[in-house]
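Student: Got a sequence here, can you build the structure:
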Amino acid sequence: MSCERLLVGGLFALGLGVLGYTAFGPFATPVMAQEDGPGPNLVIEVAGQANGQIVIDLASDVAPKHVEQITALAREGQYDGVVFHRVIDGFMAQTGDVEFGKAGGDLGRAGMGGSSLPDLPAEFSSRSFDRGAVGMARSSNPDSANSQFFIMFAPAPHLDGQYTIVGHVISGMDVVDAIKRGEGRNGEVSDPDVMTRVTVAE
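Tutor: Next up, the predicted model:
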């Protein structure tokens, strides 16, 4: 996988450029109850500063190709042991780099990798990046999402229609809120929290 694949580059160029550096805090935005849709669900066990389970209802109705790839990687165990390598307070927590983001390894290139599966064409929708929304990270090329995804701590409507939304958290936002934050504007995390096990529930 090329170092040119800065999957977070487009996200942060757009996200921080509009968001600025305002800290929302994890509880500034009301927690909206989210219903479990048709699924499938992605079940993530998290360990580290945050400990517990996050359940994401995947939006197979609006992003079928992305959901198919995420579930394939999860069923193969590819997400097991992958860290939350970039976490910005008041914005989002990013993970899913199955190539360079495994705990216990050299995380110097975490965020630059993807998987052995092909990149995906964008599946933009009318859904909004609300608190708990899950989006796919990509480079400046809209059709470059692969394996990395991010979970929103707070609404970011300026991302709407710019990144593919693949689901939303239906359980475990308290765990999301507890994920260890990174430092500086780019949010790189030292000793990051880990997705110890990621499974799919139909």
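
Student: what about Ala110, is that helix, strand or coil?
Tutor: Local secondary structure at Ala110 is given as coil here, using DSSP: H, G, I helix; E, B strand; the rest coil.

Student: for the spatially most central residue of the chain, which residues make a bridge with it?
Tutor: Nearest residue to the geometric centre of the chain (CA atoms, centre = their mean): Phe150, 1.8 Å. On the basis of DSSP bridges, Phe150 is bridged to Gln94, Gly135.

Student: OK, contacts around it?
Tutor: Going by CB atoms under 8 Å, 6 or more residues apart in numbering, Phe150 touches 11, 92-95, 134-137. Placement of C-beta: from N, CA and C, glycine included.

Student: any chance of these in a markdown table, plus neighbour count?
Tutor: Formatted as a markdown table, the contacts of Phe150 follow (neighbours: other CB atoms under 10 Å):
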| residue | neighbour count |
| --- | --- |
| Leu11 | 28 |
| Met92 | 30 |
| Ala93 | 28 |
| Gln94 | 29 |
| Thr95 | 29 |
| Val134 | 26 |
| Gly135 | 27 |
| Met136 | 25 |
| Ala137 | 28 |
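
Student: closest to Ile165 among those residues?
Tutor: Proximity of the contacts of Phe150 to Ile165 (CB to CB) peaks at Gly135, which lies at 5.3 Å.

Student: where in the chain is pLDDT low?
Tutor: Scanning the chain for pLDDT under 70 picks out 1-34, 36.

Student: residue boundaries of the helices in it?
Tutor: 9-19, 64-75, 173-178 (DSSP state H).

Student: Now do the longest one: everything it contacts.
Tutor: Read that as helix 64-75. With contacts defined as CB under 8 Å, 6+ apart, helix 64-75 is touched by 40, 42, 58-60, 79, 98, 115, 117, 120-121, 123, 136, 145-147, 149, 164, 166-167, 198-200.
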